[in-house]
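A.B. asks: no sequence for this one, just the structure:
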């Protein structure tokens, strides 16, 4: 069974965080909250999201697993204004999710979880550099890099103690250096990896501009981006595989 | 002769109410105000609009009939800010309408009324159910229904005393029930009819979100929607033919 | 050498004023400020822009000439919010322009000025009529004229002492008359010329709605439009060649 009430903006942030990578996903409806893990079709970007029961106005579940069409669910949640309450209830018999918003009831057919791409395991990585940065700085770097290139280098200058972003185009370059005074926090270490901008742009769309984002970086290793949603109650981790450096 | 001054928002609401159904229309310039009746090319949706002389800042007419290109007239009226005054004057000799907004004069060639689709007679129907509802609730129902289907059922549960909206898609459904406490008024009676969403969506665009809309419904009968424009001075009635229920 | 700091809105207004006519331009980096002159590919519209050193937060230059991709430079400047400071520095060795905004550094490859269309000489014309008008009135006239035609007549009625705008379409006409009381200033004189609306619409995009615009007009002569940017520090002059009257 699953029955919950949640603010529309919390639901929207949850769905958007996953929806930038995949169109369908499995949702674990555990006793203490819901969990989503998904990987994009090319196996390059992953997301791991937890929204604990405390992020809901009310929450009851006993460990089910459902498959949902995220695009459809985003459309439905998008009809509510941010502070409206969304009621969710699973009808086990028909395998449908009943979503109601101020009297309006939407019955959503669920997808067989077996038919959805298998959930990834986000590997535990002990990465040498940690950068805590504002969402708006990621946005600036990604937007500027996109003007000149389709990939972006993220790294840390271990000696100078700064985080850097570089993008090299055919004629123009973009470069951003942020020292400890520009960052919320920095644990310097040897780190430099190249990433596809397409994925970072998608992830960037879901990162609130005022979020504190923790980046974990290494030398030609995946990057992990952590941030919180739902006023700190929920957490999202993205992992993005590196591209081979030229 | 015809010579009038009207606030831009009043003129815009008038033109938009008719413009969602047709691109050209006849306008009756009677002594006591103007009247427009029109039906869409498929003969499914009709509109009957009255804007009395009292809705104008000044109004003089002696019973003429003009044909206008609504799209063009909407563009012209759209250039004015809502509280600007629009001056309208018919030049009988050239059959042109002179529209002036703060010194800017637009001369619009009229269309021969004979060349415009004949005006419909909106039948007097004595429908058993009356629902008075806010425009924003119609908007919610129509927007949600459109996610799952291309038609919508409107009805009244005579015993339970509530108004309902249903849309059934291939996999998903939308359902809205509004009781007397959710409505401005309800006169229950046996009513249930199916309508094309395309038409209701168009009509919905012209219905102000804060308008009180009176729906008259029956069993497989047309629906009538009445609402007021121009701060209660003008009135609009839409009539929409039902679809055959499966 | 060239090194300057400028508010983003000043830079944006500068680039937009030229960018409505051309995609690339030469910029003269004189000791006392920068100058841009450009003409569109069809040789119909010209722009002459001066932004003196006083419009910058800081400015140092010794008379260089650079060629820039305006579209690219507009994109970069557009990333800054209007009151952010943009740092510009020319790297003479690499012929690149370094643009930095709050730590984000963009290196823009310059274009060989020789490869850019030659700069026009804006002829000194002693035109008989001067009209000083608000930018928003030019906007209204151009927007309305565009509904009916692709050209526009600008003129002055020497006897009645008013400025007029006329556009004649196949069926509809637009007409605007502004007397001394509607204008900021008027020096009447014999003037009437026909212009392409495409060009005036482009120029209109760059004219602030609240700008005082001085029009200089003659009989089948080019029109000159002057206005100020950067809070009166910078000045822009457009010149537009007339079309042959029918």
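C.D. replies: Cool, the structure landed. Note that the structure is predicted; figures quoted are calculated from it, not measured.

A.B. asks: Give me the phi and psi for the closest residue to chain C within chain A.
C.D. replies: For chain A and chain C, the shortest gap (CB to the nearest CB) falls at residue A:171, measuring 3.7 Å. For glycine as for every other residue, the C-beta is placed from the backbone atoms N, C-alpha and C. Here is the backbone geometry of residue A:171 (degrees, to the nearest 10): phi -120, psi -30.

A.B. asks: tell me the mean pLDDT over stretch A:26-42?
C.D. replies: Averaging pLDDT along stretch A:26-42 gives 97.

A.B. asks: And that stretch, end to end?
C.D. replies: 18 Å (CA to CA, to the nearest Å).

A.B. asks: picking up where we left off before, which residue is the nearest non-sequential neighbour of the residue of chain A closest to chain C?
C.D. replies: residue C:109 (3.7 Å; CB to CB, 6 or more residues apart in numbering or on different chains).

A.B. asks: And chain A, split by domain according to the record?
C.D. replies: What automatic domain parsing lists as the domains of chain A is A:2-113, A:129-240.

A.B. asks: and residue A:154, what is it in contact with?
C.D. replies: A:163, A:164, A:165, A:191, A:192, A:193, A:195, A:215, A:217, A:223 (CB atoms under 8 Å, 6 or more residues apart in numbering or on different chains).

A.B. asks: Dump these into CSV; add secondary structure, distance to chain C and neighbour count as well.
C.D. replies: Converted to CSV, the contacts of residue A:154 look like this (DSSP: H, G, I helix; E, B strand; the rest coil; distance: CB to the nearest CB, whole Å; neighbours: other CB atoms under 10 Å in any protein chain shown):
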residue, secondary structure, distance to chain C, neighbour count
A:163, strand, 11, 27
A:164, strand, 10, 18
A:165, strand, 9, 21
A:191, strand, 19, 25
A:192, strand, 18, 20
A:193, strand, 20, 21
A:195, strand, 18, 21
A:215, strand, 17, 23
A:217, strand, 19, 24
A:223, strand, 19, 24
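
A.B. asks: Out of these, which is nearest to chain B?
C.D. replies: Compare each of the contacts of residue A:154 with chain B using CB to the nearest CB and the shortest gap goes to residue A:195, at 35.3 Å.

A.B. asks: That closest one touches residue A:242, doesn't it?
C.D. replies: Yes: contact status for residue A:195 versus residue A:242: in contact at 6.0 Å, counting by CB atoms under 8 Å.

A.B. asks: which residues are in contact with both of those two?
C.D. replies: Common neighbours of residue A:195 and residue A:242 (CB under 8 Å, 6+ apart) are residue A:223.

A.B. asks: circling back to that earlier point, pLDDT at the residue nearest to residue A:171, what is it?
C.D. replies: Predicted confidence (pLDDT) for residue C:109: 97.

A.B. asks: That one: how many residues sit nearby?
C.D. replies: 17 (other CB atoms under 10 Å in any protein chain shown).

A.B. asks: how far away is it from residue C:1?
C.D. replies: Per CB to CB, to the nearest Å, residue C:109 is found 18 Å from residue C:1.

A.B. asks: Residue A:135 too?
C.D. replies: Residue A:135 is 38 Å from residue C:1, where distance means CB to CB.

A.B. asks: Look up how far residue A:150 lies from the residue of chain A positioned farthest from its centre.
C.D. replies: Residue farthest from the centre of chain A, counting by CA atoms, centre = their mean, is residue A:171 at 32.5 Å. Computed as CB to CB, the residue A:171 to residue A:150 distance reads 15 Å.

A.B. asks: ok, now residue A:122?
C.D. replies: Between residue A:122 and residue A:150 the computed distance is 25 Å (CB to CB).

A.B. asks: neighbour count winner among those two?
C.D. replies: More neighbours surround residue A:122 than the other of residue A:122 and residue A:150, with 16 against 13 (other CB under 10 Å).

A.B. asks: ok, which stretches of chain A are helices?
C.D. replies: Under the criterion DSSP state H, helices of chain A are mapped to A:8-19, A:70-78, A:135-148, A:197-206.

A.B. asks: near chain B, which residues of chain A?
C.D. replies: For chain A, the residues found near chain B under the criterion CB under 8 Å from any CB of the partner chain are A:72, A:75, A:76, A:79, A:102, A:103, A:104, A:105, A:106, A:107, A:108, A:109.

A.B. asks: what's the most distant pair in those residues?
C.D. replies: Spanning the widest gap among the residues of chain A next to chain B are A:102 and A:109, at 22.3 Å by CB to CB.

A.B. asks: How far off centre is stretch A:197-206?
C.D. replies: 9 Å (CA atoms, centre = their mean, to the nearest Å).

A.B. asks: and for that stretch, what are the contacting residues?
C.D. replies: With contacts defined as CB under 8 Å, 6+ apart, stretch A:197-206 is touched by A:13, A:16-17, A:19-21, A:40, A:44-45, A:138-139, A:142, A:145-146, A:149-152, A:167, A:225, A:236, A:238, A:240.

A.B. asks: Count the neighbours of residue A:176 for me.
C.D. replies: Using other CB under 10 Å, residue A:176 is surrounded by 24 other residues.

A.B. asks: Chain neighbours aside, what residue packs nearest to it?
C.D. replies: In space, and not counting its chain neighbours, residue A:176 is closest to residue A:165: 4.3 Å by CB to CB, 6+ apart.

A.B. asks: partners of the closest residue to residue A:52 other than its chain neighbours in the sheet?
C.D. replies: In this structure, residue A:52 finds its nearest non-sequential neighbour in residue A:33, 3.6 Å apart by CB to CB, 6+ apart. Residues in a beta bridge with residue A:33, per DSSP bridges, are residue A:30, residue A:52.

A.B. asks: ok, now the one 5 residues further on?
C.D. replies: For residue A:38, the residues forming beta bridges with it (DSSP bridges) are residue A:47.

A.B. asks: is it true that it touches residue A:118?
C.D. replies: No: using CB under 8 Å, residue A:38 makes no contact with residue A:118, being 9.7 Å away.

A.B. asks: Of the two, give the one with the bigger neighbour count.
C.D. replies: Each of residue A:38 and residue A:118 has its neighbours counted (other CB under 10 Å); residue A:38 has more, 25 against 11.

A.B. asks: mind listing what that one touches?
C.D. replies: So residue A:38 contacts A:18, A:21, A:22, A:25, A:26, A:46, A:47, A:117, A:119, A:120 (CB under 8 Å, 6+ apart).

A.B. asks: As TSV, those residues with neighbour count would be great.
C.D. replies: Below are the contacts of residue A:38 laid out as TSV (neighbours: other CB atoms under 10 Å in any protein chain shown):
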residue	neighbour count
A:18	24
A:21	22
A:22	19
A:25	26
A:26	19
A:46	23
A:47	25
A:117	14
A:119	18
A:120	16
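
A.B. asks: from the residues you listed, which is closest to residue B:83?
C.D. replies: Closest to residue B:83 out of those is residue A:18 (46.0 Å), distances taken as CB to CB.

A.B. asks: Next, work out how far apart whichever residue of chain A sits closest to chain B and residue B:176 are.
C.D. replies: Residue of chain A nearest chain B, by CB to the nearest CB: residue A:109 (3.6 Å). Between residue A:109 and residue B:176 the computed distance is 19 Å (CB to CB).

A.B. asks: Report the distance from stretch A:7-27 to the chain centre.
C.D. replies: Once both centres are worked out by CA atoms, centre = their mean, stretch A:7-27 turns out to sit 9 Å from its chain's centre.

A.B. asks: Was I right to think the residue of chain A closest to chain C contacts residue C:106?
C.D. replies: No: using CB under 8 Å, residue A:171 makes no contact with residue C:106, being 11.6 Å away.
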